[in-house]
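> Predicted model, plus sequence, below.
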Amino acid sequence: SSIDTVRQRLLQAEREGSIRRFLVICGDRPSIQQLAIESGVRALLVTGSNPVDDTIRRMAEANHVHLLCCAADTASASTLIRCSRSVRHVMERRFTTLSPDDPVSTLRKRLSATDQDLFPVVDPATGRMTGVISKSDLIDPPRIRLALVDHNEYAQAVNGVEEAEVTEVIDHHRLAGDLVSREPIRFLNEPVGSTCTLVARKFHLHHMRPDPGVALCLCGGIVSDTLCLNSPTTTATDREMLAWLAPIAGVDAEAFAAEFFAVGSLIASGTRADILDADRKEFAEQGLRISISQVEERDLHGFAERRTELEEALRAMHETRGYDLSLLAVTDVALHHSMILAAGNPAVLAKLPFERRDPSLFHAPGVVSRKRQIFPAVCEAVQQAG
């Protein structure tokens, strides 16, 4: 059709109020393409695999006109459209949709009971479809890639770690032996005071500088784990990495360490759950499940006031979670000693090499490290108790 004929037909459609139902089909005819878009048709189909000018693309987007392209010529495209079935005759109005955040592990059972094969993945915030998943995709779905940092035991990892692909371990604790991988992985385990030291050294060895926020977090980890570089676990590498990180973070290492422990007392302000779970490690030793929580304080003045409620909370956690031995170590980082509350196996408690104040309380002079002092003492007590 000539451009005048097209213009007249579009004007008539505008007067009738049906312009938004129109589909205009044309080849490489920019003038008609522009006219159709300016008129506000529903869609414009450009045939013959002809390129569409960027100006036309922008106009179509601005006027909310759907822009389509196909390889067929105009006559063939028109015939195919006339012979095609409408989508409304084959579509399903009731179907199951999924969210991008739905765990794959829950989908297998949920979707197996439905006859639907394809499932739209819809963003719940916008209502827009972001993808499609099929039942066959769930047979062997890609696993989440996971690095274990500051631990190497499944018992201490996040829930669902068994379904993830562990690609790397960065740690400074003992090897527990329950970590199994399908393929070889990077495994870095060194006897330093803090895993943050190992992370910082990876930056340093690759000639990379962490941003100030990351550097500050790593400083905090080293200071916390090594008790201001005073823990018996502290190494020369910890000191070197803290000295390297501090200028990047914009802090003085000694001043930061003093401020770090002076910010607040978990014993004074934390809930019982906060105190028990803030820094808790689970271990397995000779068939026993062991939990050791540790809280580091500038002094132990507030411990006596909360001793009874903390002991009750420790016993409750011990029974609820089914541990064989549970400890809470409250460590004085200034005077380098710990008070240890204990619940569990009496034979093991009797063998602990600490000063026993009463059946559930021990004083441990010079003991500040869970990894280097408390846990080895527990292991020795377990062995002696038989």
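Sure thing, it's come through.
> hey, let's count contacts and neighbours off CA atoms from now on
Fine.
> what packs against whichever strand or helix holds K281?
Per DSSP states H and E: K281 is located in strand 280-285. For strand 280-285, the packing partners by 3 or more Cα pairs under 8 Å, 6 or more residues apart in numbering; DSSP states H and E come out as strand 288-297.
> and the next element down the chain from the strand it packs on?
For strand 288-297, the following helix or strand on the C-terminal side (DSSP H and E) is helix 303-321.
> where does the stretch 101-250 of the chain dip in pLDDT?
The stretch 101-250 of the chain contains residues with pLDDT under 70 at 177.
> ok, back up a step: report the buried residues of the strand holding K281.
Across strand 280-285, burial judged by 16 or more other Cα atoms under 10 Å covers 280-284.
> mind listing what's buried in stretch 247-263?
Going by 16+ other Cα under 10 Å, stretch 247-263 has these buried residues: 248-249, 251, 253, 256-257, 261.
> Need the residues that contact stretch 186-202.
Identification of contacts with stretch 186-202 by Cα atoms under 8 Å, 6 or more residues apart in numbering yields 149-150, 167-173, 215, 218-219, 221-222, 225-226, 231, 233-235, 237-238, 241-242, 245.
> Now, these that are in strands?
Within the contacts of stretch 186-202, residues falling in strands by DSSP state E are 149, 167-171.
> before we move on, the earlier item: which of the contacts of stretch 186-202 are buried?
149-150, 167-173, 215, 218-219, 221-222, 225-226, 231, 233-235, 238, 241-242, 245.
> just checking, D102 is part of a helix?
No: membership of D102 in a helix is not supported by DSSP: H, G, I helix; E, B strand; the rest coil, which gives coil.
> that older thread, mind listing the strands the strand holding K281 pairs with, and their directions?
When pairing is defined by DSSP bridges, strand 280-285 lines up against strand 288-297 (antiparallel).
> Reduced to three states, what does A329 come out as?
At A329 the chain is in strand, as set by three-state DSSP.
> Just give me the neighbour total for it.
Counted with other Cα atoms under 10 Å, the neighbours of A329 add up to 27.
> I'd like to know how far it sits from A304.
Distance, A329 to A304, using Cα to Cα, to the nearest Å: 13 Å.
> wait, what's in contact with A155?
Residues near A155 by Cα under 8 Å, 6+ apart: 282-283.
> typed the wrong thing, it's T97
T97 sits in contact with 119-122, where contact means Cα under 8 Å, 6+ apart.
> Most neighbours among those, which one?
The most crowded member of the contacts of T97 is V121, carrying 20 neighbours; neighbours defined as other Cα under 10 Å.
> what pLDDT does the closest residue to it other than its chain neighbours get?
With Cα to Cα, 6 or more residues apart in numbering as the criterion, V121 has its nearest non-adjacent residue at 4.7 Å, and that residue is L98. pLDDT, L98: 92.
> Report the contact partners of L98.
Applying Cα under 8 Å, 6+ apart to L98 gives the contacts 119-122.
> Mind putting those into JSON lines with secondary structure and distance to A273?
Converted to JSON lines, these look like this (DSSP: H, G, I helix; E, B strand; the rest coil; distance: Cα to Cα, whole Å):
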{"residue": "F119", "secondary structure": "strand", "distance to A273": "41"}
{"residue": "P120", "secondary structure": "strand", "distance to A273": "41"}
{"residue": "V121", "secondary structure": "strand", "distance to A273": "38"}
{"residue": "V122", "secondary structure": "strand", "distance to A273": "37"}
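> just curious, which of those residues is nearest to E163?
V121 (21.7 Å; Cα to Cα).
> Please verify my assumption that that closest one contacts G131.
Yes: between V121 and G131 there is a contact under Cα atoms under 8 Å: 5.1 Å.
> Surely A246 touches A215?
Yes: in terms of Cα under 8 Å, A246 counts as a neighbour of A215; the distance is 7.3 Å.
> residue ranges of the strands in the protein, please?
Applying DSSP E to the chain gives strands spanning 23-26, 43-46, 66-69, 118-122, 129-134, 145-149, 165-171, 186-189, 280-285, 288-297, 325-332, 337-344, 355-358, 361-365.
> Just tell me which of those strands ends up closest to T79.
Closest to T79 of these is strand 23-26 (Cα to Cα; 11.3 Å).
> ok, and for the closest one, which residues are buried?
In strand 23-26, counting by 16+ other Cα under 10 Å, buried: 24-26.
> which stretches of this structure form helices?
In the chain, the helices defined using DSSP state H lie at 3-16, 30-39, 54-62, 74-83, 104-112, 195-205, 212-226, 236-249, 253-262, 266-269, 272-277, 303-321, 346-351, 375-385.
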